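Asker: quick one, what's the 3D model for this:
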Amino acid sequence: MMLSHNNEPHSGNRIAASALAALGAAGAIPIPLAQLDFAGLFNAFNIDSGDSPQALRVIAGAGGILTLAVIALAFAGAVLVFTGAPTARNILVGAALAGFVTATPLWLPAGVVIGAAALILGQSSDRHAAVDATRGTRSARPA
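Answerer: Numbering: from 1, shown residues only. Below is the predicted model:
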């Protein structure tokens, strides 16, 4: 198996997209902490679930665990953007969309920032593909 990475110098778009993705993921860290606190798994913000049904606390706990996985995916996408991996944009889009599934109302700011990172990265990839097409060379980047 051969891994293809973009060995070109870090462009401004790649650095900006990586920083935006990391910022969006870091900004979302309190979301699963609050979900897990509500579920009663630990006390991060002193949230009391009160007389909430057990099923609701189980759903909040499962959502918190899934949201932690989405944040890890977003951080992995930020690292892949920085290294120039061709799958980085797909991972960022997947993280942004998966966050909307796990924590819809709370994920809006983080999802928008991570999606903006994917958009910036996509514009950079599209520009490089267009330049390669005008030179008549085959690009390893997806169109």
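
Asker: please give the element, helix or strand, for the most centrally placed residue in the chain.
Answerer: Centroid check for the chain by CA atoms, centre = their mean gives Ala74 as the closest residue, at 2.6 Å. Element membership for Ala74, per DSSP states H and E: helix 54-83.

Asker: what packs against that helix?
Answerer: helix 12-27, helix 30-39, helix 88-102, helix 104-135 (3 or more CB pairs under 8 Å, 6 or more residues apart in numbering; DSSP states H and E). C-beta coordinates here come from the backbone N, C-alpha and C atoms, glycine included.

Asker: run the chain-centre distance for it.
Answerer: Relative to its chain's centre, helix 54-83 lies at 9 Å (CA atoms, centre = their mean, to the nearest Å).

Asker: now that helix: buried residues?
Answerer: 57, 60-61, 63-64, 66-68, 70-71, 73-78, 80-82 (16 or more other CB atoms under 10 Å).

Asker: in the chain, what secondary structure element scores lowest on mean pLDDT?
Answerer: Between all helices and strands in the chain, the lowest mean by mean pLDDT, DSSP states H and E belongs to helix 104-135, at a mean of 76.

Asker: report the contact partners of the closest residue to Ala16 other than its chain neighbours.
Answerer: Of all residues not flanking Ala16 in the chain, Ile120 sits nearest, at 5.8 Å (CB to CB, 6 or more residues apart in numbering). Residues in contact with Ile120 (CB atoms under 8 Å, 6 or more residues apart in numbering) are Asn13, Ala16, Ala17, Leu20.
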